[in-house]
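S.K.: My questions are about this predicted structure, shown below with the sequence.
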Amino acid sequence: GNCWAFKGHQGQVVIRLPARVYLTAITVQHITKAASPSGTISSAPKDIAVFVSLLGISVDADREEETLLGTFSYNVDKDPVQTFTLRNMLLPRAFSHVKLIVKSNWGNPRYTCIYRVKVHGKMENQKAPTKGQD
(Lines give C-alpha, C1' and ligand atoms only; values in the text may rest on other atoms or scores of the structure.)
Protein backbone atom coordinates (compact mmCIF):
# COMPACT_ATOMS: atom_id res chain seq x y z
CA GLY A 1 0.00 0.00 0.00
CA ASN A 2 0.92 3.63 -0.21
CA CYS A 3 1.89 5.34 3.02
CA TRP A 4 3.44 8.55 4.20
CA ALA A 5 6.90 7.27 5.16
CA PHE A 6 9.72 9.04 6.91
CA LYS A 7 13.27 7.93 7.68
CA GLY A 8 13.92 6.39 11.06
CA HIS A 9 11.58 5.85 13.98
CA GLN A 10 10.68 9.50 14.63
CA GLY A 11 9.09 12.21 12.52
CA GLN A 12 6.45 14.88 12.36
CA VAL A 13 3.88 16.35 10.03
CA VAL A 14 1.89 19.57 10.18
CA ILE A 15 -1.60 19.28 8.74
CA ARG A 16 -3.29 22.41 7.40
CA LEU A 17 -7.03 22.08 7.81
CA PRO A 18 -9.45 23.42 5.16
CA ALA A 19 -11.10 25.63 7.81
CA ARG A 20 -10.59 26.62 11.43
CA VAL A 21 -11.77 23.73 13.61
CA TYR A 22 -12.58 23.21 17.29
CA LEU A 23 -10.61 19.97 17.64
CA THR A 24 -12.05 16.96 19.45
CA ALA A 25 -10.13 13.87 18.28
CA ILE A 26 -7.56 12.49 15.87
CA THR A 27 -7.61 9.14 14.05
CA VAL A 28 -4.47 7.31 12.95
CA GLN A 29 -4.54 4.37 10.55
CA HIS A 30 -1.97 1.76 9.54
CA ILE A 31 -2.36 -1.50 7.61
CA THR A 32 -2.97 -4.84 9.33
CA LYS A 33 -0.35 -7.58 9.64
CA ALA A 34 -2.42 -9.68 7.20
CA ALA A 35 -2.32 -6.89 4.59
CA SER A 36 1.44 -6.36 4.96
CA PRO A 37 3.60 -8.05 2.28
CA SER A 38 6.20 -8.88 4.96
CA GLY A 39 3.62 -10.05 7.52
CA THR A 40 4.86 -7.50 10.04
CA ILE A 41 3.93 -3.91 10.79
CA SER A 42 6.99 -2.78 12.73
CA SER A 43 6.89 0.47 10.74
CA ALA A 44 3.60 1.48 12.42
CA PRO A 45 3.76 4.51 14.72
CA LYS A 46 3.77 3.71 18.45
CA ASP A 47 4.04 6.82 20.63
CA ILE A 48 2.32 9.91 19.19
CA ALA A 49 1.90 13.51 20.38
CA VAL A 50 -0.54 16.08 18.97
CA PHE A 51 0.10 19.82 19.19
CA VAL A 52 -1.53 23.03 17.96
CA SER A 53 0.26 26.28 17.30
CA LEU A 54 -0.76 29.41 19.15
CA LEU A 55 0.95 31.55 16.51
CA GLY A 56 -1.18 34.58 15.77
CA ILE A 57 -3.19 34.11 18.95
CA SER A 58 -0.61 35.20 21.50
CA VAL A 59 0.44 38.82 22.06
CA ASP A 60 3.98 38.04 20.88
CA ALA A 61 3.30 36.66 17.39
CA ASP A 62 7.04 36.46 16.60
CA ARG A 63 7.49 33.65 19.09
CA GLU A 64 5.73 30.44 18.11
CA GLU A 65 4.07 28.69 21.01
CA GLU A 66 2.66 25.21 20.82
CA THR A 67 0.22 23.50 23.12
CA LEU A 68 0.08 19.75 23.64
CA LEU A 69 -3.41 18.34 23.11
CA GLY A 70 -2.47 14.77 23.96
CA THR A 71 -0.03 11.89 23.85
CA PHE A 72 -1.20 8.49 22.66
CA SER A 73 0.01 4.98 21.91
CA TYR A 74 -1.07 3.33 18.68
CA ASN A 75 -1.52 -0.39 19.44
CA VAL A 76 -0.70 -2.75 16.55
CA ASP A 77 -2.71 -5.52 18.22
CA LYS A 78 -5.95 -3.54 18.04
CA ASP A 79 -8.06 -2.20 15.17
CA PRO A 80 -5.86 -0.60 12.46
CA VAL A 81 -8.03 2.56 12.66
CA GLN A 82 -7.64 4.11 16.13
CA THR A 83 -9.22 7.35 17.37
CA PHE A 84 -7.83 9.38 20.28
CA THR A 85 -9.68 12.13 22.14
CA LEU A 86 -7.84 15.46 22.33
CA ARG A 87 -7.63 17.71 25.38
CA ASN A 88 -9.01 20.98 24.03
CA MET A 89 -10.73 22.15 27.22
CA LEU A 90 -7.96 24.61 28.05
CA LEU A 91 -8.07 26.06 24.53
CA PRO A 92 -11.70 26.67 23.57
CA ARG A 93 -10.65 28.02 20.17
CA ALA A 94 -10.60 26.83 16.62
CA PHE A 95 -7.30 26.04 14.91
CA SER A 96 -6.18 25.84 11.29
CA HIS A 97 -3.12 23.58 11.78
CA VAL A 98 -2.37 20.41 13.74
CA LYS A 99 1.09 18.96 14.32
CA LEU A 100 1.42 15.18 14.68
CA ILE A 101 4.73 14.00 16.15
CA VAL A 102 5.66 10.32 16.04
CA LYS A 103 8.09 9.72 18.90
CA SER A 104 8.64 6.01 18.22
CA ASN A 105 7.49 3.12 16.06
CA TRP A 106 7.08 -0.63 16.64
CA GLY A 107 10.71 -1.53 15.94
CA ASN A 108 11.56 -0.72 12.32
CA PRO A 109 14.92 1.12 12.43
CA ARG A 110 14.81 2.27 8.79
CA TYR A 111 11.42 3.98 8.42
CA THR A 112 7.98 4.69 9.89
CA CYS A 113 4.72 4.65 7.90
CA ILE A 114 1.38 6.34 8.43
CA TYR A 115 -1.44 5.41 6.08
CA ARG A 116 -4.10 7.91 7.14
CA VAL A 117 -4.66 10.69 9.66
CA LYS A 118 -8.12 12.17 10.25
CA VAL A 119 -8.78 15.27 12.34
CA HIS A 120 -12.19 15.49 14.03
CA GLY A 121 -14.00 18.51 15.39
CA LYS A 122 -16.50 21.25 14.72
CA MET A 123 -15.81 23.90 12.11
CA GLU A 124 -15.64 27.40 13.55
CA ASN A 125 -18.52 28.75 11.46
CA GLN A 126 -21.00 25.99 12.41
CA LYS A 127 -23.82 27.17 14.67
CA ALA A 128 -24.50 23.96 16.61
CA PRO A 129 -22.84 20.55 16.70
CA THR A 130 -24.48 17.84 14.64
CA LYS A 131 -24.40 14.28 15.94
CA GLY A 132 -21.82 12.20 14.11
CA GLN A 133 -20.44 15.10 12.09
CA ASP A 134 -16.64 15.14 11.60
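M.R.: Perfect, I can see it now.
S.K.: Quick check: next helix or strand after the longest strand along the chain?
M.R.: Looking across the chain with DSSP state E, the single longest strand is strand 11-29. Per DSSP states H and E, the first helix or strand lying C-terminal to strand 11-29 is strand 45-53.
S.K.: Point out the other helices and strands that that following strand packs with.
M.R.: strand 11-29, strand 66-73, strand 95-105 (3 or more Cβ pairs under 8 Å, 6 or more residues apart in numbering; DSSP states H and E). For the C-beta atoms, the positions are set from N, CA and C on the backbone; glycine is no exception.
S.K.: What residues of it count as buried?
M.R.: Going by neighbour count (16 or more other Cβ atoms under 10 Å), the buried part of strand 45-53 is 45-46, 48-53.
S.K.: The nearest residue to residue 47 once chain neighbours are set aside: what's it in contact with?
M.R.: With Cβ to Cβ, 6 or more residues apart in numbering as the criterion, residue 47 has its nearest non-adjacent residue at 4.1 Å, and that residue is residue 103. Listed by Cβ atoms under 8 Å, 6 or more residues apart in numbering, the contact set of residue 103 reads 10, 46-49.
S.K.: same deal with residue 45?
M.R.: Per Cβ under 8 Å, 6+ apart, neighbours of residue 45: 28, 30, 74, 102, 104-106, 112, 114.
S.K.: what does the model give the residue nearest to residue 47 for pLDDT?
M.R.: Per-residue confidence (pLDDT) for residue 103: 98.
S.K.: Residue 124 is nearest to which of the helices and strands packed on strand 45-53?
M.R.: Minimum separation from residue 124 across the helices and strands packed on strand 45-53 (Cβ to Cβ) falls at strand 11-29, 4.0 Å.
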